[in-house]
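Colleague: Need a 3D model of the sequence below.
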Amino acid sequence: MNKFLALVVGVMMVTGCSSRVADLTVASTKNYNLNSNKFVKGARVKAEDSAPVVIFPLGIPNVKTAIDRAIEKDRCSVALSDIVVTQFNYSFLFGKFGYLVEGTQVIDRAQPGCENAS
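Modeller: From the prediction side, this is the model:
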């Protein structure tokens, strides 16, 4: 009985779920020139914003912060395209929850120092 109870508690501690929240064509949290004709696609990137859970949540995750982190992986990136936003919750009494953003970088070669960026 004790082994079974320990197994159930162990399984509950490592389980979680995630759900797709949004699919976006283009998104940005930065100011940039939409009329630039020097946009190129960059690498596929992932970023997250999460908060720990210790019996109750110890913060509030934000989609904007997750998008900012993904864009800032390259200094010439100004936006993301083909974005998938996923909410995850990997906690029972302890764990974390938050948002995962995955998208393709949109790089603006018209920015200073970004002429050869890819």
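
Colleague: the bottom helix or strand of the protein by mean pLDDT?
Modeller: The weakest-scoring helix or strand in the chain, judged by mean pLDDT, DSSP states H and E, is helix 2-14 (a mean of 64).

Colleague: in its sheet, what does the helix or strand just after it sit against?
Modeller: On the C-terminal side of helix 2-14, the closest following helix or strand by DSSP states H and E is strand 17-27. Within its sheet, and counting by DSSP bridges, strand 17-27 is paired with strand 77-91 (antiparallel).

Colleague: List the buried residues of the strand it pairs with.
Modeller: Neighbour counts over strand 77-91 (16 or more other Cβ atoms under 10 Å) mark 77-81, 83, 85-91 as buried. Every residue, glycine included, has its C-beta placed from N, CA and C.

Colleague: do stretch 26-34 as well
Modeller: For stretch 26-34, the buried set under the neighbour-count rule, 16+ other Cβ under 10 Å, comprises 27-29.

Colleague: isn't Asp108 right next to Asp74, touching?
Modeller: No - with contacts defined as Cβ atoms under 8 Å, Asp108 does not count as touching Asp74, sitting 10.5 Å away.

Colleague: What is the helix or strand hosting Val53 packed up against?
Modeller: Using DSSP H and E, the element containing Val53 is strand 39-54. With contacts defined as 3 or more Cβ pairs under 8 Å, 6 or more residues apart in numbering; DSSP states H and E, strand 39-54 has these neighbours: helix 63-71, strand 77-91, strand 94-108.

Colleague: wait, which of those is closest to Lys3?
Modeller: strand 94-108 (21.7 Å; Cβ to Cβ).

Colleague: Only alpha carbons, please: show the closest one as PDB.
Modeller: Taking Å, rounded to 0.1, in the frame of the first residue of the first chain, the C-alpha atoms of strand 94-108 are listed here in PDB:
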ATOM      1  CA  PHE A  94       5.700  22.300  -6.700                       C
ATOM      2  CA  GLY A  95       6.800  23.100 -10.200                       C
ATOM      3  CA  LYS A  96       6.300  25.900 -12.700                       C
ATOM      4  CA  PHE A  97       3.800  27.300 -15.100                       C
ATOM      5  CA  GLY A  98       4.000  29.900 -17.900                       C
ATOM      6  CA  TYR A  99       4.000  30.600 -21.600                       C
ATOM      7  CA  LEU A 100       6.300  29.200 -24.400                       C
ATOM      8  CA  VAL A 101       6.600  31.200 -27.600                       C
ATOM      9  CA  GLU A 102       8.100  29.600 -30.700                       C
ATOM     10  CA  GLY A 103       8.600  31.500 -34.000                       C
ATOM     11  CA  THR A 104      10.800  32.400 -36.900                       C
ATOM     12  CA  GLN A 105      12.800  35.600 -36.500                       C
ATOM     13  CA  VAL A 106      12.200  38.500 -38.900                       C
ATOM     14  CA  ILE A 107      15.500  40.300 -39.400                       C
ATOM     15  CA  ASP A 108      15.700  43.800 -40.600                       C
END
